[in-house]
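*Asks:* Provided below for reference: sequence and predicted model.
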Amino acid sequence: MLKRMALAILLLGLAPTLTVAHGPTRQKVTETIEINAPPEKVWAVIGNFQDMSWHPAFTKTEGTGANDQGATRKLTLASGATIDEVLTVFNAEGRTYSYEISKVDVKVVPVTNYSSRISVTSAGDKSTVEWRGAFYRGYVNNDPPPELSDEAAVKAITGVYKDGLAALKKKVEAGG
Amino acid sequence: MSRFSIFVVAALVFLPPQHARAAEAVITNQLGDSVSILNTATMTVAAEIKIGGKPAGVALSYDKSHAYVTAPDSGELAEVDLKQNVVARRIKLGSGPLGVAAHPTKPEVYVADWYVHKIIVIDTVALKPVAEVSVGQSPSGLAVTPDGKLLLSADRDSNAVSIIDIETRTVTATVPVGERPFGLTVDRTGHRAYTANVGSNDVTVVDIASRAVVGTATVGRRPYAVALAQGRAFVTDQNAGTISVFDTASFKLTDTIEACDHPEGIQANAYESALFIACWGDDVVLRLDAATLEITARANVGGGPRAFGRFLR
């Protein structure tokens, strides 16, 4: 098992094209949460690409380009590991933005070719936040080790979304 | 049997297959592990057929009686009987079958293997591999010219298109295109091929006879596949959620249509009046009017539809 994992990591490290290559089946995760506040209030918290402080997993957001298309940010986790992301679509009127991970170690987030969209919509006098992700597993060839499988990728992203949305709800409902 | 019923049976037997049933789309649902048979006139699903192995690629036999579906996770090719709507046969092929195309006049299909960088030629009478052709890295989209002479392969990780002579099973040319070509479409006359380049966010237009690039059109983020109708190319931009439309004479972008979450497989109907688009993120198929560029209908299908190939009958 360890040997196989070491080999996997070695292979991932060696091949320069692997940030683009991927396994055969793209996975998806959609998580939603209802928040007892109008959409403007929710968007005021999440509608800044340069500020992910509402998500408990990230200790720091550093970036450039504000909310312009092509803006970048580096998210730092409690472990010190980082995730580089790029903003692909920002629509303030529609209260939605889309972004992609441009660089992450699969040992930190076991996914490749990750893209995502977060959006806030009105639901009566409340809001619904939807967070969608599309990605491939961390291991790009056949027979992935369990920690880099399709299931591991879906589990990791589902956890990130659930934790983030729960914290967002708490923060906004407590008054932002 | 009365003379009248013999006449009826004879008439049914000799009717061309496209008249026997309504126009349909064969949609591979990769996450749903199934194929949806969609009536494209009513936009309702007639059947959902279990496939397994995360089906992605699709091609229809020359007589449109069967669909050939690749299942990359199980390394299989499944043959779907479209009269009975059942899986008729299946064979284990290799490590990662993905793209698939059918010959226009004979019982032969071609399957691209993503991991071993080969095209496998399948005789569909026996449903057995009869030849292999080595191409570039990670062959993806495949298409056959309408005269049945050439097979083209988008070799994704070589940034090139391989042109294969079908009779001799040899690569006769390799044409460099944009970065990471995935979907590949040959026009109705067999003159040009279009590749959707996932890495460079553009489409390369290749003149097949001269093996030369004649144009490049910039499109939306991470293009997946190209369809052609009424002198325009329609491109599914996966990450932008849009359809980019460009003029096939000038290669100028004319329209960007908001479509859905991860539009992927796309094909124009025989009249070029409408396009059908599989939306991977929304689990729907859209119908787009080729003239007005309006989305005129949507149908729910299985999970994660990709419909990678020519899926309309």
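*Replies:* Arrived safely. All of these numbers come straight from a predicted model, not from anything done at the bench.
*Asks:* ok now do the residue of the stretch 151-300 of chain B found nearest chain A, which residues does it touch?
*Replies:* Of all residues in the stretch 151-300 of chain B, B:Asn239 sits closest to chain A, at 5.0 Å by CB to the nearest CB. (C-beta placed from N, C-alpha, C; glycine too.) Taking CB atoms under 8 Å, 6 or more residues apart in numbering or on different chains as the criterion, B:Asn239 is in contact with A:88, A:98, A:100, A:115, B:220-222, B:262.
*Asks:* cool, and B:Gly57?
*Replies:* Here B:Gly57 is in contact with B:28, B:69-70, B:72, B:97-100, B:111-112, B:308-309 (criterion: CB under 8 Å, 6+ apart).
*Asks:* What residues are bridge-paired with it?
*Replies:* Applying DSSP bridges to B:Gly57 gives these bridge partners: B:Phe308.
*Asks:* Please report how far it lies from B:Ile27.
*Replies:* For B:Gly57, the distance to B:Ile27 (CB to CB, to the nearest Å) stands at 12 Å.
*Asks:* quick one: low-confidence ranges for chain A?
*Replies:* A:1-24, A:176 (pLDDT under 70).
*Asks:* mind listing the strands for it?
*Replies:* A:27-35, A:58-64, A:72-77, A:82-91, A:96-103, A:111-123, A:126-137 (DSSP state E).
*Asks:* okay if I get those as JSON lines plus mean neighbour count?
*Replies:* What follows is these, written out as JSON lines (neighbours: other CB atoms under 10 Å in any protein chain shown):
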{"stretch": "strand A:27-35", "mean neighbour count": "18"}
{"stretch": "strand A:58-64", "mean neighbour count": "15"}
{"stretch": "strand A:72-77", "mean neighbour count": "18"}
{"stretch": "strand A:82-91", "mean neighbour count": "18"}
{"stretch": "strand A:96-103", "mean neighbour count": "18"}
{"stretch": "strand A:111-123", "mean neighbour count": "20"}
{"stretch": "strand A:126-137", "mean neighbour count": "21"}
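*Asks:* between the ones you listed, which one is nearest to chain B?
*Replies:* Among the strands of chain A, strand A:111-123 sits nearest to chain B (CB to the nearest CB), with 5.0 Å.
*Asks:* Which positions within the strand or helix carrying B:Ala297 qualify as buried?
*Replies:* Element membership for B:Ala297, per DSSP states H and E: strand B:295-300. Neighbour counts over strand B:295-300 (16 or more other CB atoms under 10 Å in any protein chain shown) mark B:295, B:297, B:299 as buried.
*Asks:* strands paired with it, and their directions?
*Replies:* Sheet pairing of strand B:295-300 (DSSP bridges) gives strand B:284-289 (antiparallel).
*Asks:* re the thing from before, please render the buried residues of strand B:295-300 as a markdown table that adds pLDDT to the earlier fields.
*Replies:* A markdown table is the format used below for the buried residues of strand B:295-300 (pLDDT from 0 to 100):
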| residue | pLDDT |
| --- | --- |
| B:Ile295 | 98 |
| B:Ala297 | 98 |
| B:Ala299 | 98 |
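*Asks:* Can you tell me which residues in chain B are near chain A?
*Replies:* B:30-31, B:54, B:56, B:72-73, B:95-96, B:98, B:114-115, B:138, B:157, B:180, B:199, B:221-222, B:239-241, B:261-262, B:280-281, B:304 (CB under 8 Å from any CB of the partner chain).
*Asks:* one step back: TSV for the buried residues of strand B:295-300, including distance to B:Arg89?
*Replies:* TSV is the format used below for the buried residues of strand B:295-300 (distance: CB to CB, whole Å):
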residue	distance to B:Arg89
B:Ile295	37
B:Ala297	33
B:Ala299	28
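*Asks:* A:Asp38 reaches A:Thr128, doesn't it?
*Replies:* Rather than Asp, residue A:38 is Pro. No: A:Pro38 lies out of contact with A:Thr128 (CB atoms under 8 Å); the separation is 11.7 Å.
*Asks:* Run through the residues that contact B:Ser34.
*Replies:* Shown in contact with B:Ser34 (CB under 8 Å, 6+ apart): B:48-51, B:55, B:302.
*Asks:* Between all of those residues, which two are at the greatest distance?
*Replies:* B:Glu48 and B:Pro55 (11.7 Å; CB to CB).
*Asks:* And the two? Which one has more around it.
*Replies:* Neighbours were counted for B:Glu48 and for B:Pro55 using other CB atoms under 10 Å in any protein chain shown; B:Pro55 has more, 34 against 17.
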